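In: With the input below, show me the fold.
(chains A and B)
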2 protein chains.
Amino acid sequence: MADFDVTILGCGSALPTTRHLASSQVVDLRDKLYMIDCGEGTQVQMRHQHIKFSRLNHIFISHLHGDHCFGLPGLVSTLGMLGRLGELVIHGPAAVETFMRPLLDLFCKGLPFEVRFNPIDPTQHQLVMEDRSLKVYSLPLKHRIPCCGYLFAEKPKAPHILREMTDFYQVPIAMMQHIKEGADYVTPEGEVIPNSRLTRPAVPPKRYAYCSDTAYQPSLIPYIEGVDLLYHEATFAECDAARAKETFHSTARQAAQLAKEAQVKRLVIGHYSARYEELDQLKQEADSLFPGTLLGYEGMRLTL
Amino acid sequence: MADFDVTILGCGSALPTTRHLASSQVVDLRDKLYMIDCGEGTQVQMRHQHIKFSRLNHIFISHLHGDHCFGLPGLVSTLGMLGRLGELVIHGPAAVETFMRPLLDLFCKGLPFEVRFNPIDPTQHQLVMEDRSLKVYSLPLKHRIPCCGYLFAEKPKAPHILREMTDFYQVPIAMMQHIKEGADYVTPEGEVIPNSRLTRPAVPPKRYAYCSDTAYQPSLIPYIEGVDLLYHEATFAECDAARAKETFHSTARQAAQLAKEAQVKRLVIGHYSARYEELDQLKQEADSLFPGTLLGYEGMRLTL
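Out: Here you go, the predicted model:
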């Protein structure tokens, strides 16, 4: 199993189709799951994609449009029926609690676990959550209502100990943690063994950015520059650029433009308008600026 | 197209599985659609089953458990995006409005149509809705929270005019409506032509009863006696009868028992617990009392 991957559960937009589902994704970092958005049908998709309910502790909601959050009441109810005990944290604009609190009161009396809401300011780029292996930041987006994306930044991992070298220098077990943290080793004879001879640097930490829903927003560039993977909404093709502007969405070309300017390593697009039966047009238009753009689909798993 | 049919959109119970969806059905009577329950994912299922959103004017909710109503906010939002103008009536226990009103305020500002809530008393057998071709009655069920089923009773249709007979007697056009309503015809010579010679009786009106969720409830019998089709929940097999009792659900055998006692013409069961991978056991147990019991499934269309 990969260390850090993203599974797309749904990458359609507001109107239901038989081709796509409402927005939701799951980030899996070292077997801990973090959900981004939770459109209607997410819990069923979790079953189809074999996502373990018990590993999910944090949900990040981008904004209060139904196709990004109408799956929350069902998912929270189900977690209760499955006997969950640990706290569930739902991060998002303050309105997420306004939406969910009355539903919890009405449908989830006696829920065996705590639901904590972490209200975030979608106009700011701020640290939203931090745990042992991850920092999550908000990304201010430009939509019809307050809306933010999320940047998942893996924390640097400790370097690998070169066991044959620590054996050779007879480094005591008690010193190992210090070595991992970068210390040199001083032998009983006073010889200094530089850390670089005892360790091999870890793989550089990876970053994933989720930007949906949003108009083309170049002010995002400093925050997402060089990320390993960017998911950017591409609701429309260029022929519908006027509609994109009017509704504060992006065209596939605009998604690619941002990816190019931010020099991201890979781009995956989604949040397709129901009007497109085929996505070739979107792919071509994105490819023209950012070759190798990936078309998101339900069940797609991307390893960082 | 049949005159009167029922399409099962979902016949699972509360926990999500890959085999079944949350409860919802659509009754189609002469091309008007009436929905019963609206679990999460209903709007996507409507697309899969080619159900026309524009033909739906009434939704009947049995009770306030999520697997019977968490699809409502998404469906109402979608109807708005599709530009619906006509009133939508949502019938159900008063709590349905408590649930939906804040969501409409939060998510559906500027909805181009009216949503009217018709609060019904789930403890009573009463007329809930009536239109040209149909009467819908509530059926008091026995569940953990207030809950009612629905009886769809087609109105008697006018008899068919026997054209060759009305031609023979030269019945004037102006009289035809009276003949349809049962009048005899008196010729200019004073001869009385009895109605029975001028018409052929219409097909007898049909009745459909939906009973979910409920424990075995024999007090329903007088209301559903002889119905053409009964949908009755069968959440559990006999081996889990204790669990059925505890949660106010029925076993398949109890569903069949009620169908037998009420002498219904056909029985279809559903609302299966997620614990059963296969439904053979439920089918066998129901068949032992009511041979030919039908196992409901997603996409099943039953013609009355």
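
In: The residue of the stretch 151-300 of chain A found nearest chain B in helix, strand or coil?
Out: Closest to chain B within the stretch 151-300 of chain A is A:Ala274: 9.4 Å, counting by Cβ to the nearest Cβ. For glycine as for every other residue, the C-beta is placed from the backbone atoms N, C-alpha and C. Following DSSP: H, G, I helix; E, B strand; the rest coil, the label given to A:Ala274 is coil.

In: residues touching it, list them.
Out: A:12-17 (Cβ atoms under 8 Å, 6 or more residues apart in numbering or on different chains).

In: which residues in the stretch 151-300 of chain A form helices?
Out: Under the criterion DSSP state H, counting those that start in this stretch, the stretch 151-300 of chain A carries helices at the ranges A:163-168, A:176-180, A:195-198, A:221-224, A:241-247, A:252-261, A:280-287.

In: Among these, show me which one is buried the most.
Out: helix A:252-261 (a mean of 24; mean count of other Cβ atoms under 10 Å in any protein chain shown).

In: Could I get the average pLDDT for stretch A:231-242?
Out: Averaging pLDDT along stretch A:231-242 gives 98.

In: my bad, stretch A:186-206
Out: pLDDT averaged over stretch A:186-206 gives 94.

In: now that stretch: how far from the chain's centre is it?
Out: 33 Å (Cα atoms, centre = their mean, to the nearest Å).

In: Check stretch A:96-112 too.
Out: 25 Å.

In: Pull it out as CSV, backbone CA atoms only.
Out: Output in CSV follows, covering the C-alpha atoms of stretch A:96-112 (Å, rounded to 0.1, in the frame of the first residue of the first chain):
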residue,chain,number,x,y,z
VAL,A,96,-21.2,23.8,8.0
GLU,A,97,-22.1,23.7,11.7
THR,A,98,-25.2,25.8,11.0
PHE,A,99,-26.2,23.1,8.5
MET,A,100,-25.3,20.1,10.5
ARG,A,101,-26.1,20.9,14.1
PRO,A,102,-30.0,20.7,13.7
LEU,A,103,-29.6,17.5,11.7
LEU,A,104,-27.5,15.9,14.5
ASP,A,105,-30.1,17.0,17.0
LEU,A,106,-33.0,15.6,14.9
PHE,A,107,-31.4,12.3,13.5
CYS,A,108,-28.4,11.5,15.7
LYS,A,109,-29.6,11.5,19.3
GLY,A,110,-27.3,9.4,21.4
LEU,A,111,-24.5,9.3,18.8
PRO,A,112,-21.8,7.3,20.5
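
In: which of the residues in that stretch are buried?
Out: Neighbour counts over stretch A:96-112 (16 or more other Cβ atoms under 10 Å in any protein chain shown) mark A:96-97, A:99-100, A:102-104, A:107-108, A:111 as buried.

In: which residues touch that stretch?
Out: With contact meaning Cβ under 8 Å, 6+ apart, stretch A:96-112 is reached by A:61, A:64, A:69, A:72-73, A:76-77, A:80, A:83-85, A:90, A:115, A:117, A:119, B:64-66, B:95, B:98-99, B:102-103, B:106-107.

In: Can you flag the buried ones in the contacts of A:Ala274?
Out: The buried subset of the contacts of A:Ala274 - by 16+ other Cβ under 10 Å - is A:12-17.

In: so which of these are also by chain B?
Out: Counting by Cβ under 8 Å from any Cβ of the partner chain, A:14-17 from the buried ones among the contacts of A:Ala274 sit close to chain B.

In: between the helices of the stretch 151-300 of chain A, which gets nearest to B:Arg55?
Out: Set against B:Arg55 and scored by Cβ to Cβ, the helices of the stretch 151-300 of chain A come closest in helix A:241-247, at 27.4 Å.

In: correct me, but A:Lys206 touches A:Lys265?
Out: No - using Cβ atoms under 8 Å, A:Lys206 is not in contact with A:Lys265; the gap is 9.4 Å.

In: Who are the contact partners of A:Tyr150?
Out: Taking Cβ under 8 Å, 6+ apart, we find A:Tyr150 in contact with A:36, A:60, A:62, A:128, A:136-139, A:209-210.

In: For it, give its distance to chain B.
Out: 22 Å (Cβ to the nearest Cβ, to the nearest Å).

In: Neighbouring strands - and their directions - for the helix or strand where that residue lies?
Out: Assigned by DSSP states H and E, A:Tyr150 belongs to strand A:148-154. When sheet partners are counted by DSSP bridges, strand A:148-154 sits next to strand A:134-140 (antiparallel), strand A:207-211 (antiparallel).
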